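*Asks:* Predicted model and sequence follow; I will ask about them next.
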Amino acid sequence: MLITPLILGWLLAPIWQAQIILLFISSLSFFLLRHPLMIFVKRWNRPSKDWQHLQLWAIIYGGITVVTGGWLVFIEQLWWLIPAALLGSLLLLFNLWLVSKRQEMSVIGELTGIFGLAMGATIAYYVSSGQFAPLAFLLWLINFLYFGGTVFYVKLKVRQQPRLPKPESAVSRFLQAKACLGYQLIVFILLTILILYGELLLGVYLIFMPTTIKMIWGAWHWQDKKSLNLKRLGMIEAIHALIFAGLVWGIAINS
């Protein structure tokens, strides 16, 4: 969710410039900064021995983010990174607020996080080329729509199916997956609207077909506690992310 949008924004930019490396470093540091901050928020009234260690890494990650991001803004004069950084900071603060409420794993919590990560495609396009284009913002939208679907799919396979007895009929299984399949239906409706208005090519359907097939199969093939394997699920998601990135890149360069 972090790397794929950045790579796509970089690869599809009309110009490749070396400062993109600084963006990768800055983005990774900002992403890692969330972990110590999240633990601080969770344990703010229960200090522990590892707080000094967490403070050190928070300073390191924050420092790297500021230095590399500051270089891009003030030395490379990529001024549009300032509002992007402000938006990213607001999303981080919102996520930490959800952490304080123990709601960071809620749908809204995960979707807002993915919204911020998907923004990396637009930022990478801008940093690499020094300019914006409609494609940069379409990449943001497509990445958000794709990775947003993984939220519902993983919840289905990890939190929902293993807790319920396997329904006898396929119809009942698909009904249990209504949130997952309903999200994907909304995605295709939105894509259709954008295609009709000429904002996207018809080939964008192909980008979302593999993950749609995965969701339909996952809804039918019930996941019980004994067969649940998080590493295998993570590997499947990683493979689908690679397929998604390859399809986006292939369709974009041939359009």
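*Replies:* Nice, I can see it. Numbers count the residues shown, from 1 in each chain.

*Asks:* Helices of the stretch 151-255 of the chain, start to end?
*Replies:* 170-176, 178-196, 204-220, 230-253 (DSSP state H, counting those that start in this stretch).

*Asks:* burial measure for Ala124, as a count.
*Replies:* Each residue near Ala124 was counted by other C-beta atoms under 10 Å, and the total is 25. Glycine gets a C-beta too; all of them are placed from N, C-alpha and C.

*Asks:* re the thing from before, redo the helices of the stretch 151-255 of the chain as a markdown table? Include distance to Tyr61 and mean neighbour count.
*Replies:* Listed next are the helices of the stretch 151-255 of the chain as a markdown table, based on distance: least, C-beta to C-beta, whole Å; neighbours: other C-beta atoms under 10 Å:
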| stretch | distance to Tyr61 | mean neighbour count |
| --- | --- | --- |
| helix 170-176 | 40 | 13 |
| helix 178-196 | 32 | 15 |
| helix 204-220 | 31 | 17 |
| helix 230-253 | 23 | 15 |
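
*Asks:* and Ala58, which of those is closest to it?
*Replies:* In terms of C-beta to C-beta, the element of the helices of the stretch 151-255 of the chain nearest to Ala58 is helix 230-253, at 26.2 Å.

*Asks:* among the helices of the stretch 151-255 of the chain, which is nearest Leu92?
*Replies:* When these are compared by C-beta to C-beta, helix 230-253 sits nearest Leu92, at 22.5 Å.

*Asks:* For Ala18, which of the helices of the stretch 151-255 of the chain is the nearest?
*Replies:* helix 230-253 (20.9 Å).

*Asks:* Only the C-alpha atoms, please, for stretch 91-107, written as CSV.
*Replies:* Only the C-alpha atoms of stretch 91-107 are listed here, as CSV (Å, rounded to 0.1, in the frame of the first residue of the first chain):
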residue,chain,number,x,y,z
LEU,A,91,-4.4,12.2,8.2
LEU,A,92,-1.8,11.0,10.7
LEU,A,93,-3.3,13.0,13.5
PHE,A,94,-6.7,11.6,12.7
ASN,A,95,-5.4,8.1,12.7
LEU,A,96,-3.7,8.7,16.1
TRP,A,97,-7.0,10.1,17.4
LEU,A,98,-8.6,6.8,16.3
VAL,A,99,-5.9,4.9,18.0
SER,A,100,-6.7,6.7,21.3
LYS,A,101,-10.3,5.5,20.8
ARG,A,102,-9.2,2.0,19.9
GLN,A,103,-10.8,2.4,16.5
GLU,A,104,-7.7,2.4,14.3
MET,A,105,-8.7,-0.9,12.7
SER,A,106,-12.2,0.3,11.9
VAL,A,107,-13.2,0.7,8.2
